[in-house]
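**Student:** for reference, the sequence and a predicted model appear below.
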Amino acid sequence: MKKVLPVLAIALLLAAILWLVPSETVVAEVVDIPIDLPQKENAPINEQYYTSDLSYEDPSISIRIEKGGVAYNTPYVIAYVKIASPTQIRRALSNRNGQNAENATIIAKGANALLAITGDSFHDNKQEVGKYIVWQGQVMQHNIIESQSHGYFRYFDSLVIDDQGDLYPFMNASTADLETFEETHGTKIVNAFAFGPAIIINGERRPELTNSYQINGVGWFKRAQRIALCQTGKLEYMIVVTGSEDNGRAEGVSGKATGMTMDEFTDLLLSFGNVQTAYCMDGGSSAWMVFRGEKVNDFGGKKRPIGDILYFVSAWRED
């Protein structure tokens, strides 16, 4: 019995030591994703975190999509997104750096995007006057002009997304606005879009609108399909995409959908009460919202291939 006790004590001690020494445990954490990480190297999507056909949630991101909305006799879809790291909001180009347009579903799949929307009609071979475009820290186009006398494309509103995940719209952006942004704000430009218009700034309707007002040749009063990226809080976003008369019939719509003027679209966004910034991406048949590999805003009508997407990814890593 005397010999058994020391042996038992040693065994218990060894068991305690082994318990304290970490083994091949699973390490899980939210990580920052390198700005220049190739889009095909984003973490694969983990199917277990889909909570429904229209929602996803892991410790780094939550996405909730609501369908069935109708305003101005036009259907619309909303996506709410909240992320843990500003590196989760990113931009991807179609094949060959945006030179060939693709369906947004294809671009999204290649980037492992959880949610993707239309970008700004980027095309690497099309150097348009008035555009300043940045893709994941890399300046792709720098053609800002200092006047509005360049024909149909008079100018483009710019949208900067910085390394804090905040949206900064610039109306009729100048070279100085964008070249001095980082010095002025103390943050870095990760992505910059050139389309617009910006329709809500600092929680208020964009000023200076007149009956002849056009941006990028887009008629303010034309009824059309619209899509906007909105910031509603710190690392919180809302995307709204509408239908148009090209979409035919939709539930809750009387006859054919009409589409929305820019004023009506602004009214819709302001009705949600918490929009700080709203910036329009490429609309019409280029308007895509992709979730689970499918076009969510499929009201019918055309599906135009595009050159780029804005998208969200998971930053939750389980090793």
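**Tutor:** Yes, it's here.
**Student:** C-alpha from now on. contacts and neighbour counts both.
**Tutor:** OK.
**Student:** residue contacts, residue 201?
**Tutor:** 169, 276-278 (CA atoms under 8 Å, 6 or more residues apart in numbering).
**Student:** go again with 7 Å.
**Tutor:** 276-278 (CA atoms under 7 Å, 6 or more residues apart in numbering).
**Student:** so what pLDDT did it get?
**Tutor:** pLDDT, residue 201: 95.
**Student:** what's the distance between it and residue 169?
**Tutor:** Distance from residue 201 to residue 169, counting by CA to CA, to the nearest Å: 7 Å.
**Student:** next one: residue 253
**Tutor:** On the measure of CA to CA, residue 253 and residue 169 end up 33 Å apart.
**Student:** and residue 50, by the same measure?
**Tutor:** 32 Å.
**Student:** more neighbours: which of these two?
**Tutor:** residue 169 (25 against 17; other CA atoms under 10 Å).
**Student:** wait, a helix at the more buried one?
**Tutor:** No - under DSSP: H, G, I helix; E, B strand; the rest coil, residue 169 falls outside any helix and is assigned strand.
**Student:** tell me the pLDDT at it?
**Tutor:** With respect to pLDDT, residue 169 has a value of 95.
**Student:** now it: closest residue in space that isn't a chain neighbour?
**Tutor:** residue 159 (4.4 Å; CA to CA, 6 or more residues apart in numbering).
**Student:** list phi and psi for that neighbour.
**Tutor:** Note on residue 159: its backbone torsions stand at phi -130, psi 120 [degrees, to the nearest 10].
**Student:** likewise residue 288?
**Tutor:** Phi and psi for residue 288, reported as degrees, to the nearest 10, are phi -120, psi 140.
**Student:** residues near it, how many?
**Tutor:** Neighbour tally, residue 288, other CA under 10 Å: 29.
**Student:** now the one 10 residues further on
**Tutor:** By other CA under 10 Å, the residues close to residue 298 number 16.
**Student:** quick one: it and residue 233, what's the gap?
**Tutor:** Distance, residue 298 to residue 233, by CA to CA: 28 Å.
**Student:** can I get the CA coordinates of stretch 308-319 in PDB?
**Tutor:** What follows is stretch 308-319, C-alpha atoms only, in PDB (Å, rounded to 0.1, in the frame of the first residue of the first chain):
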ATOM      1  CA  ASP A 308     -16.100  45.000 -60.500                       C
ATOM      2  CA  ILE A 309     -17.900  44.400 -57.300                       C
ATOM      3  CA  LEU A 310     -17.900  45.700 -53.700                       C
ATOM      4  CA  TYR A 311     -18.100  42.700 -51.300                       C
ATOM      5  CA  PHE A 312     -17.900  41.500 -47.700                       C
ATOM      6  CA  VAL A 313     -15.900  38.500 -46.500                       C
ATOM      7  CA  SER A 314     -15.500  36.700 -43.200                       C
ATOM      8  CA  ALA A 315     -12.500  37.500 -41.000                       C
ATOM      9  CA  TRP A 316     -13.200  34.500 -38.700                       C
ATOM     10  CA  ARG A 317     -10.300  32.000 -38.800                       C
ATOM     11  CA  GLU A 318     -10.500  28.500 -37.300                       C
ATOM     12  CA  ASP A 319      -7.100  26.800 -37.500                       C
END
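**Student:** need the mean per-residue confidence for it.
**Tutor:** Stretch 308-319 comes out at a mean pLDDT of 94.
**Student:** what residues does it touch?
**Tutor:** Under CA under 7 Å, 6+ apart, the answer for stretch 308-319 is 26-33, 59-61, 88-94, 98, 104, 112-119, 121-122.
**Student:** mind giving me the PyMOL command for buried ones among those residues?
**Tutor:** Per 16 or more other CA atoms under 10 Å, the buried members of the contacts of stretch 308-319 correspond to this PyMOL selection:
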select buried, resi 30+33+60+61+88+89+90+91+92+93+94+98+104+112+113+114+115+116+117+118+119+121+122
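**Student:** quick one: which of the contacts of stretch 308-319 sit in strands?
**Tutor:** 28-30, 61, 89-93, 115-118 (DSSP state E).
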